[in-house]
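Asks: Model the following, please.
(chains A and B)
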Amino acid sequence: MVYIVIRFRRSKNKEAMQFSGSNKLEIIWTVIPFILVLLMFYYGWVGFAPMRQVPDDAMRIKTIGRMWEWEFDYGNGKLAKELVIPVDQPIRLDLESEDVNHSLFIPAFRVKEDVVPGYDNWLWFTPIYTGEYEIMCTEYCGLLHYDMVTKVRVVEREVFDDWLENLEATGLIPDPPGLAVMKQNGCMACHSLDGTELVGPSFKGLYNTEKVVLIGNQEETVVADEDYIQRAIYQPNEEIVKGYARGLMNSYEDLISQEEITSIVEYLKTLNEE
Amino acid sequence: MRNAEKYTHVSYLEHEGKYKGIWSWLLSTDHKKIGLLYLYSIAFFFVVAAILGLLLRLELIAPGPTIMDAQMYNGVFTLHGIIMVFIVVIPGLGAVFGNFFLPIMIGAKDVAFPRLNLLSWYIFIIGALLGVASQFAGDGPPDTGWTFYVPYSAESATNVIFALTAAFVLGFSSILTGINFIVTIHRMRAPGMGWFKMPLFPWSLYATAWIQVLATPIVGITLLMVIAERTLNIGFFDPALGGDPLLFQHLFWIYSHPAVYIMILPAMGVVTEIFPTFSQKPVFGYGAIVISSLAIAFVGYFVWGHHMFTTGISYWSRWFFSFLTFIVAIPSAIKVFNWISTMYGGSIDLKPPLLYAISFIFLFMIGGFTGLTLGALATNVHLHDTSFVVAHFHYIIFGGMGFAFFAGIHYWYPKMYGRMYNIKLANIAWGVLFTGFNLLYFPLFIIGLQGMPRRYFDYLPQFHAGHFISTIGAIILVIGIFMMMYNLIYYRHRGPVAPSNPWKGVTLEWQIESPPTHENFDVIPEIKNPPYLFKKEPQT
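Replies: This next block holds a predicted model:
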């Protein structure tokens, strides 16, 4: 292209040649790209086909995506926030979403599959080097999408067996009813239980303490009693705890009942005792 | 330095019909004035969205929060996407140059339905204002991305309904313009102008208009379904209500993939006008270019699944969509070969319009080749939803449609205003723009390959270098845009008076005065020859 522009510039080439097409050329440059793209398609296909054929001895790990963390379920209530796997072992991750679309991406292994609620998606790979690699979420899922990142640790088989042996079966201890309600409704995405500041205020030590809230633009001090907690769940945008943004939470009036709120309050009380 | 006696004719700019002053614009049914109304409103929104884009880049100049928090970042990239896609790029070329030049190029006095045309502009403005209002009304700016993926868009507490309505209304404007162009082309060609004597820009508009008319209703109803889901709790897409989230993606991309061709086909049409004029040579392979336009419009309907290779659709649908995606690449390749052959053996005058048209080919080809990489199943799995896709998309849309728009405005400017801009400054602005563009988007290919996901407010330290270079590029690019706009605006009234045919073009728009009169032609011309004949004097 550059050559043509220089070769046929007006100062050198006063008169343009006049011709307007050639069927032979058109056919040539239709057929050649056609063959080229078919080749590219073919290689894309044969490279992809094995990604959908899982070996029989693959280890299956249930993988849960929720706003905004990953959880790996090794069975028998053994849950982990990081994926730990033995080297040279085919792994099949069964992907489940608890809320919106996510996508599990491990750049180092060149695998990715969306985590869609209601769909049984999966992917598989065999790690051949030990080490630590990133897992990222690549389907936009809201505020902390960029932070939905964890690690995959590929270790020797003995190290893995040891690790799994010692992994606490937290999934088997039933949650107190209030906590179960909150987990079901995804409250934990924005409100921590340990004092960490997330999108919303932490629940730790919340019950019966004084909070400065904004009603409209008016600052007021309220006590976080049972009444307040119900208001905060049913009309979350009426009274905003100072320092937090309005409009990030929907009303849960249709989703959480009065009784469930009582159980939540009971649970919040236990957070004050520790 | 306005010269009262600069023209011997009354141009459309001075023509006043029933209404005076500003109303002679706002109530005008003249296709040229409506074209300019579109130009000014789209240019305004383009600047707004470009500045939003710059803010995003500034945020990403270093890891961690720099100038905004995550919620604002999500709002800004959503608004950047909505404005650029629905308000600037989809209407863009068709509404501005299509309105202005389609009737002139086929020898008509106006479009088939001039009033409908004005109505389309008003609908467009309402849609655009709704889009802007979504930022200020309700519970905070929408944060779903321009793709509105359900379930997130059904659950986000932000002001999603406004943004959905905006896109819905804009769709109407697009459909009406499409119908208008189709009827105009069918019914209003000058006597003697058979289908294959029509210039190629109208041909590309014809292919585009069919996509607008047939595909836009699908996205319209889809957006309405999301609104119904949010307000009435009807479960179409949200699994919590018994819906299917992938159904939304299918319906959305059935429109939004053809929409990419709504953006790029008129762009191809514009450069197809420019290459013959600046080579003083007939276009190479007229028939092949027409057929490839129609082929793109047709096959483009059947490739939407390539946006969904990793969503868990079945093995054979992935196979099938990948195959069709490769097929749709061929007509584009044919066009590129024809453009280059048009220049071969010509007497090439490297003026700003040609400069932009050549960079169009260059950037479009980078975008096209990386598109093939994404279309191949194996590589797609790794690259999907990374910044590689962001770079590919911007190379096609900004490098393609954007640069073709700049080419078009530099090409037709003397015809539209009867004045000439500063050619030297235009060349410098092009250099700055082109450098900034590549500096901005090329690094995104590289960090995308390394695994940088898109729509990330923050990133891991290994991606810092790429993001840093990219942000520098963004600053240079915006400087280039402002240089170009300054040039065009400043010389609007101060430039030297342009002759009616400054580039020695042969299509009909160059045979009438600059700027054209209200009704374009005193006598409707009769067409005897095929277009792009440079040897004889046209219209003997």
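
Asks: C-alpha only now, for contacts and for neighbours.
Replies: OK.

Asks: Let's see the pLDDT reported for B:Pro245.
Replies: Listed pLDDT for B:Pro245 reads 87.

Asks: Leaving out the residues flanking it, which one is nearest to it?
Replies: Excluding the flanking residues, the one nearest B:Pro245 by CA to CA, 6 or more residues apart in numbering or on different chains is B:Phe237, at 4.6 Å.

Asks: Okay, and the one you found sits in which element?
Replies: In this assignment (DSSP states H and E), B:Phe237 forms part of neither any helix nor any strand.

Asks: B:Gln135 too?
Replies: B:Gln135 belongs to no helix or strand, assigned by DSSP H and E.

Asks: element containing the nearest residue to it once chain neighbours are set aside, please.
Replies: Spatial nearest neighbour of B:Gln135, chain neighbours left out: B:Pro141 (4.4 Å); criterion: CA to CA, 6+ apart. For B:Pro141, there is no enclosing helix or strand under DSSP H and E.

Asks: Over to B:Thr277?
Replies: Using DSSP H and E, B:Thr277 maps to helix B:245-279.

Asks: other SSEs contacting that helix?
Replies: helix B:92-93, helix B:200-232, helix B:286-299, helix B:315-343, helix B:352-375, helix B:403-417 (3 or more CA pairs under 8 Å, 6 or more residues apart in numbering or on different chains; DSSP states H and E).

Asks: Quick check: buried residues in that helix?
Replies: Under the neighbour-count criterion of 16 or more other CA atoms under 10 Å in any protein chain shown, helix B:245-279 has B:245-246, B:248-279 buried.

Asks: Stretch A:94-108 now?
Replies: Buried residues in stretch A:94-108, counting neighbours by 16+ other CA under 10 Å, are found at A:94-107.

Asks: From one end of that stretch to the other, what's the distance?
Replies: 19 Å (CA to CA, to the nearest Å).

Asks: and if you look at stretch A:47-54?
Replies: Taking CA to CA, stretch A:47-54 runs 14 Å from one end to the other.

Asks: Just the buried positions in that stretch, please.
Replies: A:Phe48.

Asks: quick one on the thing from earlier: doesn't B:Gly131 make contact with the residue nearest to B:Gln135?
Replies: No - using CA atoms under 8 Å, B:Pro141 is not in contact with B:Gly131; the gap is 10.1 Å.

Asks: Check what pLDDT A:Met51 gets.
Replies: pLDDT recorded at A:Met51 is 85.

Asks: ok, now which ones touch it?
Replies: A:Leu123, A:Trp124, A:Phe125 (CA atoms under 8 Å, 6 or more residues apart in numbering or on different chains).

Asks: one more time with 10 Å, if that's ok
Replies: Taking CA atoms under 10 Å, 6 or more residues apart in numbering or on different chains, we find A:Met51 in contact with A:Val111, A:Leu123, A:Trp124, A:Phe125, B:Ala378, B:Val381.

Asks: and if you look at B:Ile126?
Replies: By CA under 10 Å, 6+ apart, the neighbours of B:Ile126 are B:Ser120, B:Val132, B:Ala166, B:Val169, B:Leu170, B:Ser173.

Asks: on that earlier part again, the residue nearest to B:Gln135 contacts B:Val160, doesn't it?
Replies: Yes - taking contacts as CA atoms under 10 Å, B:Pro141 lies within contact range of B:Val160: 7.8 Å.

Asks: joint contacts of those two?
Replies: Joint contacts of B:Pro141 and B:Val160 (CA under 10 Å, 6+ apart) are B:Ser134, B:Gln135.

Asks: For chain A, which element, helix or strand, carries the lowest mean pLDDT?
Replies: One helix or strand of chain A scores below all others by mean pLDDT, DSSP states H and E: helix A:2-7, with a mean of 73.

Asks: can I get the CA coordinates of it in PDB?
Replies: The C-alpha coordinates for helix A:2-7 follow below in PDB (Å, rounded to 0.1, in the frame of the first residue of the first chain):
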ATOM      1  CA  VAL A   2       2.800   2.400   1.000                       C
ATOM      2  CA  TYR A   3       4.700   1.400  -2.100                       C
ATOM      3  CA  ILE A   4       1.700   2.200  -4.400                       C
ATOM      4  CA  VAL A   5       1.200   5.600  -2.800                       C
ATOM      5  CA  ILE A   6       4.900   6.500  -3.300                       C
ATOM      6  CA  ARG A   7       5.200   4.900  -6.700                       C
END
